[in-house]
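**Q** pasting a predicted model and its sequence here:
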Amino acid sequence: QVQLVESGGGLVQAGGSLRLSCSASGRTFSTYDMGWFRQAPGKEREFVARIGRNGGNPYYADSVKGRFTISRPSALNTVHLQMSSLGPEDTAIYFCVADSGLKLMAGNGGDYWGQGTQVTVSS
């Protein structure tokens, strides 16, 4: 069982930056790939980024590539999403995901989800 808690969301002006964090409970954190999804109002949830269980192989959605960076400090049950050059199109609830199988690799979600953190970008 893994519990995920996101933090770091908020209101930012277009062009600004935010850093989201996801803290995970559980002693088997290192056995999960981690990622982020987001859901904008009236839209379906979409994949944002993922990182492997060893902290390698980061992968991004085309819409955020070059602007967002996912990281996973070793020895910490935490995953970060550094977001820069934010635009109104990035406004969404951002969810942290942990996956032990292939769902996250396929962009289809994961075993465990956080409750989400709101990111609002004003124009």
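**A** Perfect, thanks for sending it. Numbers count the residues shown, from 1 in each chain.
**Q** now the residue most central in space within the chain: how far from residue 24?
**A** Nearest to the geometric centre of the chain sits residue 36, at 2.4 Å (Cα atoms, centre = their mean). Residue 36 sits 13 Å away from residue 24, going by Cβ to Cβ, to the nearest Å. Every C-beta, even on glycine, is put in place using the N, C-alpha and C of the backbone.
**Q** equivalent analysis for residue 40, please.
**A** 25 Å.
**Q** count the neighbours of the residue lying closest to the residue nearest to the centre of the chain once chain neighbours are set aside for me.
**A** Leaving out its chain neighbours, the residue that sits closest to residue 36 by Cβ to Cβ, 6 or more residues apart in numbering is residue 48, at 4.3 Å. Neighbour count for residue 48, taken as other Cβ atoms under 10 Å: 24.
**Q** which is the next helix or strand following the helix or strand residue 48 falls within?
**A** Using DSSP states H and E, residue 48 falls within strand 46-51. Heading C-terminal from strand 46-51, the first helix or strand you meet, by DSSP H and E, is strand 59-60.
**Q** nothing else from me, thank you.
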